[in-house]
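[1] This is the structure alone, sequence omitted:
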């Protein structure tokens with residue numbers, strides 16, 4: 001699903017766009033089918049980003065300008081998470097260099113919870129609960145932050161916690 005000029009990566013909203021700082025609206029059950037084109041576009045963005053930058057596992061809807069509480073992760077196939085929310089976050093934290101499709105050449109040093117649980121609705125609108133640890137915990141914290149208008153840059157450890165990706 002390429003953009004008008006043929007590059008799906010042009011669909012990704014970049015740092016500085018005010019939509020990245022907005023809180024997203026809850027997805028209603030009747031909206032699942034109408035969000036399928038957005039899900040397809042998000043999945044295509046993840047694959048194209050991974051091909052170009054060698055990174056990219058998931059994307060949040062506001063990163064393509066859709067202001068809904070939706071995350072798409074590409075495991076071996078695209079998986080949509082509707083209205084994801086985190087709970088039972090561990091006190092144990094991990095420090096990492098975070099990257100983001102909305103600022104592809106910038107890394108941000110920050111802390112995330114090592115473990116947490118995530119509640120969400122799947123494509124059939126069934127409630128699911130996943131226990132997340134390590135990389136998956138960090139990833140979903142990053143994506144759910146996007147749904148709340150929070151960027152990794154806002155969680156930086158300090159003013160020196162930025163570096164260019166080379």
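    In hand now; what should we look at? What you see is a predicted model, and the numbers here were worked out from it, not measured in a lab.

[2] and residue 84, how many neighbours?
    21 (other CB atoms under 10 Å). C-beta coordinates here come from the backbone N, C-alpha and C atoms, glycine included.

[3] Skip the chain neighbours and tell me the closest residue to it.
    residue 120 (4.0 Å; CB to CB, 6 or more residues apart in numbering).

[4] before we move on, what about residue 97?
    Using CB to CB, 6+ apart, the closest residue to residue 97 is residue 107 (4.3 Å).

[5] Sticking with that neighbour, tell me its helix or strand.
    Taking DSSP states H and E as the definition, residue 107 sits inside strand 103-113.

[6] Show me what secondary structure element comes after that strand.
    Next along from strand 103-113, by DSSP H and E: strand 115-121.

[7] for this structure, what spans make up the helices?
    36-53, 135-147 (DSSP state H).

[8] Out of those, which is the most enclosed?
    Ranked by mean neighbour count, the helices of the chain are led by helix 135-147 with a mean of 21 (mean count of other CB atoms under 10 Å).

[9] Run a quick neighbour tally on the residue nearest to residue 48 when sequence neighbours are not counted.
    Closest residue to residue 48 apart from its sequence neighbours, by CB to CB, 6+ apart: residue 8 at 4.7 Å. Burial of residue 8 is recorded as 19 neighbouring residues (other CB under 10 Å).
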